[in-house]
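Chemist: Sequence first, predicted model second:
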Amino acid sequence: MKYKSQAVAKPYFIAAIGLFLAQVIFGIILGIQYVVGDFLFPEIPFNVARMVHTNTLIVWLLMGFMGAAYYLIPEESERELYTPWLALVMFWIFLIAAALTVIGYLAVPYARLAEMTGNDILPTMGREFLEQPTITKVGIVIVALAFLFNIGMTVLKGRKTVVSLVMLIGLVGLAFFFLFSFYNPTNLVLDKFYWWWVVHLWVEGVWELIMGAMLAFVLIKTTGVDREVVEKWLYIIIAMALITGIIGTGHHFYWIGPPEYWQWWGSIFSALEPLPFFMMTVFAFNMVNQRRRNHPNKAAVLWALGTAVLAFLGAGVWGFLHTLAPVNYYTHGSQITAAHGHLAFYGAYVLINITMISYAMPLLNGREANSMRSQVLEMWAFWLMSISMVFITLFLTAAGILQIFLQRYTETPLPFMVVQEKVALFYWLRVISGLVFLGGLGTYIASFFVAARDAKYPQPIEIGKVQPSPAAV
Amino acid sequence: MAQVFTKSMARNIFYGGSVFFILLFLALTLDTSFALPERDQRHQLDLSTEVGQRIARGKELWETNNCIGCHTLLGEGAYFAPELGNIYTRFGNNKEAIKAFIQSRPAMGIPGRRSMPQFNFSDEELDAIAEFLKYSSEINTAGWPPNIQG
């Protein structure tokens, strides 16, 4: 850690991991409800558990992005954060707002929550992923504005690098497109059309800029490869992300009312959406192969390479699988969508955040890397979580193919609930994979405690001691 | 990458490409907004009519009870419960059948099985929800879903 104010990133990272744990626990509840329909009913109905699952995901990813920005922007700008105290105040506001929202979901019926929070004044609730009460949404906007001010001023007053600029463009875009969550007309087609301006233009648009900047930063630091090379890659990756991703939004407009020409625009451009992810994979492996130093934090490098590979698989390959309109006609809104959603979010955005946390946390704790024991635990966590998530994806894909065949493709289509029972085996297998994932996450969390203990009571002999690294990167 | 391809070229592709495709996206959006009145049944939404009021109320109830947390609507939402974009036609173009189904859900669920919660809607609220679902089923969705099962 080069600048004192980078320390504000730490609470963001800790809260992010805490919320991640909550997300996974609720994910397992949902998985069980898929096969034991009345599990926790009526106390925690499926829709409530799902809101907690998806909303904690969104909040912890945002927390991770913010923590990452607070960590990397001062270092890139070569100066302290503009107002460190504001970052801490915003952390608590964000965390408390998120906690109150989740408590609201769990404690009272959703309709009551809508009433209590004055949803009728400006109705924005009850749309997928945007279930937060309107006042929570307003809170998110306030936190985002204060955050952008803080980051923006730091960038303006300091050294301007491509990494910090791309990060900033991504974060401004994130805040801007969130504003469409306040537009909720009665016209269902318009509602859905602009809902995608938040959801798609986030995850297949500006978030890719944030992800690219974070990956570039960690690779510059851990490989020591010339910044010029990394920056050229970063530009071309994010160029491809936006060139394909913006018109690629069309793949959501096939069946919700807009004209049929979106089937052409959406199919052609979203078929190209795997490209930026493929380039990210090539980029990450190239940089690591051309490394000029061996960074002692091996775990961070593993997370970074894992991000590139699994983002390509989840967002790229599993996205392409069902993006062409004639295919999507059958797959739309099936378990195929769920399969893609899981691996894409895990591969791209969960892993990029863990990559950053894994790289930055030891430095925030005053050491370049954690003990080897702790890193080995992290690597176990990586493989446990990644392999179980790949299996979750494969089981959901199998369930999806069967579902589509039985419900949509045969001469004698069966009702939804009948089909759900026929594919239950795959839902059971998914729950088992989910438990392994939880074990992986537990291992990851344990690695922090092992690292802290090993730092306190250092081992006399370090096995596999690494070269002292060149100071200037 | 060879040196003939410089960082400033990469930067120009990023800025030029992004601006171009944002403008193209906005142009397509504009064209879509001209085409939508023929497709999205907006004439039904007139708030000076009783049907329009019921649809607006129905959508509000759809949202404040988080129906999308289990169901899909035009294929979007959760995949835990049936698609409702065509429930009106699946229930034989019968709003009463939709109302009866929602009303009949057991409050304590069904042992071992998925069951929709009992929301205790009033008759007026049930009318509104059924009207909203009827309106949803009449949107031009380019022939989706593939069959009546959704």
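Modeler: Yep, that arrived.
Chemist: going forward, measure contacts and count neighbours with C-alpha atoms only.
Modeler: Noted.
Chemist: Looking from chain B, tell me which residue of the stretch 51-200 of chain A is nearest.
Modeler: Closest to chain B within the stretch 51-200 of chain A is A:G126: 4.0 Å, counting by Cα to the nearest Cα.
Chemist: quick one: low-confidence parts of chain A?
Modeler: Along chain A, segments meeting pLDDT under 70 span A:460-473.
Chemist: still on that earlier bit, was I right about the residue of the stretch 51-200 of chain A closest to chain B contacting B:W62?
Modeler: Yes - under the criterion of Cα atoms under 8 Å, A:G126 makes contact with B:W62 at 7.4 Å.
Chemist: Common neighbours of the two, please.
Modeler: B:I68 (Cα atoms under 8 Å, 6 or more residues apart in numbering or on different chains).
Chemist: Which one's more surrounded, the two?
Modeler: A:G126 (26 against 19; other Cα atoms under 10 Å in any protein chain shown).
Chemist: For that one, which non-adjacent residue is closest in space?
Modeler: Nearest-residue entry for A:G126: B:E63, 4.0 Å, with adjacent residues in sequence omitted and distances by Cα to Cα, 6 or more residues apart in numbering or on different chains.
Chemist: that's a strand at the one you found, yeah?
Modeler: No - with DSSP: H, G, I helix; E, B strand; the rest coil as the criterion, B:E63 is assigned helix and is not in a strand.
Chemist: thinking it is in contact with A:E128, fair?
Modeler: No - using Cα under 8 Å, B:E63 makes no contact with A:E128, being 9.5 Å away.
Chemist: Pop out the phi and psi values for the closest residue to A:R292 other than its chain neighbours.
Modeler: In space, and not counting its chain neighbours, A:R292 is closest to A:G224: 5.2 Å by Cα to Cα, 6+ apart. Dihedral pair for A:G224: phi 70, psi 10, per degrees, to the nearest 10.
Chemist: Now do the same contact list for the nearest residue to B:N147 once chain neighbours are set aside.
Modeler: Sequence neighbours aside, A:R408 is the residue nearest to B:N147 in space, at 6.3 Å (criterion: Cα to Cα, 6+ apart). Residues counted as contacts of A:R408 (Cα under 8 Å, 6+ apart) are A:330, A:414, B:146-147, B:149-150.
Chemist: Assumed A:R408 was part of a helix.
Modeler: Yes - counting by three-state DSSP, A:R408 is located in a helix.
Chemist: burial measure for residue 142, as a count.
Modeler: Unless you meant another one, I'm taking chain A. A:I142: 16 surrounding residues under other Cα under 10 Å.
Chemist: wrong one, chain B
Modeler: There are 16 residues near B:A142, going by other Cα under 10 Å.
Chemist: out of everything not next to it in sequence, what's closest to it?
Modeler: A:W255 (5.9 Å).
Chemist: Distance check, the one you found against B:G143.
Modeler: To B:G143, A:W255 is 8 Å away according to Cα to Cα, to the nearest Å.
Chemist: Quick check on those two: which one has the bigger neighbour count.
Modeler: Shown here are A:W255 and B:G143; by other Cα under 10 Å, A:W255 has more neighbours (26 against 11).
Chemist: What is the three-state secondary structure of the more buried one?
Modeler: coil.
Chemist: Can you tell me which residue sits nearest the middle of chain B?
Modeler: Note on chain B: the residue nearest the mean C-alpha position is B:L73, at 4.2 Å, using Cα atoms, centre = their mean.
Chemist: So in terms of bridging, what pairs with it?
Modeler: Beta-bridge pairing of B:L73 under DSSP bridges involves B:E76.
Chemist: Please list all residues in contact with it.
Modeler: Neighbour list for B:L73: B:83-85 [criterion: Cα under 8 Å, 6+ apart].
Chemist: tell me how far stretch A:62-72 is from the chain's mean position?
Modeler: Centre-to-centre, stretch A:62-72 and its host chain are 12 Å apart (Cα atoms, centre = their mean, to the nearest Å).
Chemist: do the same with stretch B:69-83
Modeler: 9 Å.
Chemist: Check which helix or strand residue 10 maps to.
Modeler: Going with chain A. Secondary structure assignment for A:K10, by DSSP states H and E: helix A:9-35.
Chemist: Chain B is the one I meant
Modeler: Per DSSP H and E: helix B:7-35 holds B:A10.
Chemist: can you list the domain ranges for chain B.
Modeler: B:1-38, B:41-150 (automatic domain parsing).
Chemist: so how many other residues sit close to A:V225?
Modeler: By the criterion of other Cα under 10 Å, A:V225 has 20 neighbours.
Chemist: And it, its phi and psi?
Modeler: Torsion angles, degrees, to the nearest 10, at A:V225: phi -70, psi 150.
Chemist: OK, contacts around the closest residue in space to it that isn't next to it in sequence?
Modeler: Using Cα to Cα, 6+ apart and skipping residues adjacent in sequence, the residue nearest A:V225 is A:R291, 5.7 Å away. Going by Cα under 8 Å, 6+ apart, A:R291 touches A:223-225.
Chemist: Give me the nearest residue to A:N47, chain neighbours excluded.
Modeler: Once flanking residues are discounted, A:N47 sits nearest to B:G69: 4.1 Å by Cα to Cα, 6+ apart.
Chemist: Correction: the previous question concerned A:N297.
Modeler: A:A369 (4.9 Å).
Chemist: Help me confirm that A:L86 comes into contact with A:L148.
Modeler: No - in this structure, A:L86 is not within contact of A:L148 by Cα under 8 Å, at 11.1 Å.
Chemist: ok, and what's touching stretch A:221-235?
Modeler: If you take Cα under 8 Å, 6+ apart as the criterion, stretch A:221-235 is touched by A:162-163, A:212-213, A:216, A:219-220, A:283, A:287-288, A:290-295, A:297, A:301, A:473, B:6-8, B:10-11, B:14.
Chemist: Let me know the secondary structure of the residue sitting nearest the centre point of chain A.
Modeler: The residue lying closest to the centre of chain A (Cα atoms, centre = their mean) is A:Y349, at 2.8 Å. Taking three-state DSSP as the rule, one finds A:Y349 in the helix state.
Chemist: circling back: how about the contacts made by the residue nearest to A:G126?
Modeler: A:125-127.
Chemist: So which of those residues sit within helices?
Modeler: Among those, none falls in helices (DSSP state H).
Chemist: tell me which of those is nearest to A:G139?
Modeler: When the contacts of B:E63 are ranked by distance to A:G139 (Cα to Cα), A:M125 comes first, at 14.4 Å.
Chemist: which residue packs closest to the closest one, ignoring adjacent ones?
Modeler: A:E131 (4.7 Å).
Chemist: ok, now which ones touch that neighbour?
Modeler: A:E131 makes contacts with A:51, A:55, A:124-125, B:66, as judged by Cα under 8 Å, 6+ apart.
Chemist: my read is it is in a strand, agree?
Modeler: No - A:E131 is assigned coil when assessed by three-state DSSP, not a strand.
Chemist: Pop out the phi and psi values for it.
Modeler: Torsion angles, degrees, to the nearest 10, at A:E131: phi -70, psi -10.
Chemist: just B:E83 next, same as before
Modeler: According to degrees, to the nearest 10, B:E83 has phi -60, psi 140.
Chemist: Likewise for B:I110?
Modeler: phi -120, psi 130.
Chemist: One more: the one 3 residues further on?
Modeler: Dihedral angles phi and psi of B:R113 (degrees, to the nearest 10) take the values phi -120, psi 160.
Chemist: partners of it in the sheet?
Modeler: Counting by DSSP bridges, the residues bridging with B:R113 are B:I110.
Chemist: Quick check, it in contact with A:Y34.
Modeler: No - in this structure B:R113 lies outside contact range of A:Y34 using Cα under 8 Å: 9.1 Å.
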